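Participant: this is the structure alone, sequence omitted:
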């Protein structure tokens with residue numbers, strides 16, 4: 001065999017393989033089987049996360065994760081994927097708002113604590129622009 005014959009044989013084999021893939025795709029056998037498996041897995045995962053006993057705990061844990069990720073300025077990509085599976089978005093919202101309010105109040109009290117720890121004379125001088 002020469003190299004030219006080998007490359008032409010490869011092209012013929014490639015065309016046959018492509019035709020088989022097109023036939024399978026037209027029949028719908030391979031793509032449906034793959035999407036059916038992923039759909040079943042997605043449904044099972046969603047059911048497990050949203051079972052009656054676990055739904056509110058999952059929403060609470062997810063809200064805590066989001067609150068911590070926002071506080072640490074981390075990416076929320078993984079959390080968003082899990083959030084899509086949650087059916088308890090209202091419970092999530094309540095817990096997230098509570099965590100957000102706690103964090104904002106803690107930040108505000110920390111600001112007030114740091115300003116009240118100054119001596120009265122230095123704070124009055126700072127207010128006048130002299131300190």
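Facilitator: Yep, it's here. The model shown is predicted, which means the values in this text are computed figures rather than measured ones.

Participant: can you pull the buried residues of the longest helix seen in the chain?
Facilitator: Assignment by DSSP state H gives helix 89-116 as the longest helix of the chain. Within helix 89-116, the residues that qualify as buried are 91-92, 95-96, 99, counting by 16 or more other CB atoms under 10 Å. C-beta: built from backbone N, CA, C; applies to glycine.

Participant: out of the residues you listed, who's nearest residue 111?
Facilitator: The nearest member of these to residue 111, counting by CB to CB, is residue 99 at 18.9 Å.

Participant: mind pulling up the pLDDT for residue 96?
Facilitator: Note on residue 96: pLDDT of 94.

Participant: once you drop chain neighbours, what's closest to it?
Facilitator: By the measure of CB to CB, 6 or more residues apart in numbering, the closest residue to residue 96 outside its immediate chain neighbours is residue 63, 4.1 Å from it.

Participant: could you do residue 93 as well?
Facilitator: Per CB to CB, 6+ apart, closest to residue 93 is residue 63, 8.0 Å.

Participant: can you report how many residues neighbour that neighbour?
Facilitator: 24 (other CB atoms under 10 Å).
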